[in-house]
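> sequence plus predicted model, see below.
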Amino acid sequence: RAHEHATELSHTPIIMVTASTSSEHVAQALEAGCDAHVAKPVAPETLCRTMAEVLRSAQNSAKRNG
């Protein structure tokens, strides 16, 4: 995220897909810049829904900062 900011790149959506579901691990990943967390095993509909939400959020943010 620091590189995106420093070089004025647009936000790249990041979804963490992991078997680690501890609240501490998820919180650390989100603090580090992940946009969402999906737990393994991944159901395709869950991944698709999460991707749509993250992309929608990124589009809305880009419009606000336009």
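Looks like it arrived, so ask away.

> make it CA atoms for all contacts and neighbour counts henceforth
OK.

> how about residues contacting the helix of greatest length in the chain?
Looking across the chain with DSSP state H, the single longest helix is helix 44-65. Taking C-alpha atoms under 8 Å, 6 or more residues apart in numbering as the criterion, the residues outside helix 44-65 that touch it are 11, 13, 15, 35-36, 38.

> just the buried members of the residues you listed?
Taking 16 or more other C-alpha atoms under 10 Å as the criterion, what is buried in these is 15, 35-36, 38.

> burial measure for A39, as a count.
For A39, the neighbour count with other C-alpha atoms under 10 Å is 15.

> that one contacts I15, correct?
No: in this structure, A39 is not within contact of I15 by C-alpha atoms under 8 Å, at 10.3 Å.

> please save the CA atoms from stretch 9-28 in PDB.
Coordinates of each C-alpha in stretch 9-28 appear next as PDB, following Å, rounded to 0.1, in the frame of the first residue of the first chain:
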ATOM      1  CA  LEU A   9      -0.800   4.000  -8.300                       C
ATOM      2  CA  SER A  10      -4.500   3.000  -8.100                       C
ATOM      3  CA  HIS A  11      -5.600   0.700  -5.300                       C
ATOM      4  CA  THR A  12      -5.000  -3.000  -6.100                       C
ATOM      5  CA  PRO A  13      -7.700  -5.100  -4.400                       C
ATOM      6  CA  ILE A  14      -6.200  -7.800  -2.200                       C
ATOM      7  CA  ILE A  15      -8.200 -10.700  -0.800                       C
ATOM      8  CA  MET A  16      -6.500 -13.000   1.700                       C
ATOM      9  CA  VAL A  17      -7.400 -16.600   1.200                       C
ATOM     10  CA  THR A  18      -6.100 -18.700   4.100                       C
ATOM     11  CA  ALA A  19      -7.000 -21.500   6.400                       C
ATOM     12  CA  SER A  20      -5.900 -19.300   9.300                       C
ATOM     13  CA  THR A  21      -9.100 -17.800  10.700                       C
ATOM     14  CA  SER A  22      -8.000 -16.500  14.000                       C
ATOM     15  CA  SER A  23      -9.300 -13.000  14.600                       C
ATOM     16  CA  GLU A  24      -5.800 -11.800  15.400                       C
ATOM     17  CA  HIS A  25      -4.400 -13.100  12.000                       C
ATOM     18  CA  VAL A  26      -7.300 -11.600  10.100                       C
ATOM     19  CA  ALA A  27      -7.000  -8.300  11.900                       C
ATOM     20  CA  GLN A  28      -3.200  -8.200  11.100                       C
END
